[in-house]
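Participant: A structural model of the following input is requested.
(one chain, ligands or ions: 1)
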Amino acid sequence: MIPDINKIFASRATVRDFDASRNVSDELLDELIAAAAHAPNTGNMQLYSVVVTRGEELKNELAGLHFNQPAAKNCNVLLTFCADTARFDSWCRASETASGLNNFGGAVTAIVDTAIFAQQFAQLAELNGLGTCFLGTATYSAKGFIEKLGLPEGVFPVLGLAVGYPAKQCEASDRLPVEAIRHNETFGPYNEENIRRWYSEKENLPESKKFLEINNKKTLAQIYAEIRYPEPLNKALGDDLLGIMNK
Ligand SMILES: Cc1cc2nc3c(=O)[nH]c(=O)nc-3n(C[C@H](O)[C@H](O)[C@H](O)COP(=O)(O)O)c2cc1C
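Facilitator: Just a heads-up that it's a prediction; the model follows:
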């Protein structure tokens, strides 16, 4: 084990503020895509694609689909990582067969491959001095991305990634302790005592207290469940994606 590597991973942070004077070259993007494509993927079918958006007009339109999040607006390049069964399917059709991926199972396989590829890309980008911010809003506005990016049947957005050189150093954020994540042999129980202990660091952060005040809520969990990721939003996201996959 190389100790420095673990420290680098433990101190990384999402970047939402980018240096407007620095351009991410196409050569670097190609290098990162080539290296990230060595990520493990199902049967080496590589069921993903990435759309690179640099043009200001289209970037602004896509930022709108990302609810005008500052990272989407201010980044140097905006990437859209897509689940893609269409390329493999086209190869199969050209080779006297059908892929068998045009169903929910195929879509799930492609989403898993895409997420692993995107994470490998983001990690490599960070190790190369770039800042990145994943944008889950790509799935919230999937229909808009399909339209604006001309995604064909069998291709749909999974993750946006804002990329650029960081404007400033960002601090690593809190994480649950290992004992909250790790289960030995069989799944351990959750109870009020361990749940309180594991979430207390997050609950006691000054920024968490600030969120409570701003949103006039009693608990941090209420902010997550009722404001940031409320049930109707999650349900609409699922229904939309299922509709797209069914098509
Ligand atoms: C699937 C996914 C979707 C995300 N969507 C957003 C987003 O829409 N906007 C944003 O600012 N950050 C987004 N993030 C970044 C997370 O907020 C961030 O990773 C998390 O708060 C932990 O912070 P850190 O990356 O600095 O450690 C997303 C991350 C992931 C993995």
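Participant: alpha carbons only for contacts and neighbour counts from here, please
Facilitator: OK.
Participant: three-state assignment of the residue of the chain positioned farthest from its centre?
Facilitator: Distance from the C-alpha centroid of the chain peaks at Glu96, with 35.4 Å (C-alpha atoms, centre = their mean). Put simply, Glu96 is coil when judged by DSSP: H, G, I helix; E, B strand; the rest coil.
Participant: ok, it to the ligand distance?
Facilitator: From Glu96 over to the ligand the distance is 37 Å, taken as C-alpha to the nearest ligand atom, to the nearest Å.
Participant: which parts of the chain are strands?
Facilitator: 48-53, 77-84, 131-135, 155-164 (DSSP state E).
Participant: the first one: partners in the sheet, and parallel or antiparallel?
Facilitator: When you say that, I think you mean strand 48-53. strand 77-84 (antiparallel) (DSSP bridges).
Participant: what angle sits between the strand it pairs with and strand 131-135?
Facilitator: For strand 77-84 against strand 131-135, the angle by axes from the mean of the first three to the mean of the last three C-alpha atoms, to 10 degrees is 50 degrees.
Participant: isn't Ala20 up against Ala71?
Facilitator: No - assessed by C-alpha atoms under 8 Å, Ala20 is found out of contact with Ala71, at 11.8 Å.
Participant: which of the strands of the chain sits most buried?
Facilitator: strand 155-164 (a mean of 27; mean count of other C-alpha atoms under 10 Å).
Participant: with only the CA atoms kept, save that one in CSV.
Facilitator: In CSV, the C-alpha atoms belonging to strand 155-164 read as follows (Å, rounded to 0.1, in the frame of the first residue of the first chain):
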residue,chain,number,x,y,z
VAL,A,155,-28.5,6.4,-25.1
PHE,A,156,-29.5,8.4,-22.1
PRO,A,157,-27.7,10.7,-19.6
VAL,A,158,-26.6,9.3,-16.3
LEU,A,159,-24.2,12.0,-14.9
GLY,A,160,-23.1,15.5,-15.7
LEU,A,161,-19.5,16.5,-14.8
ALA,A,162,-18.4,20.1,-14.6
VAL,A,163,-14.6,20.3,-15.3
GLY,A,164,-12.0,23.0,-15.1
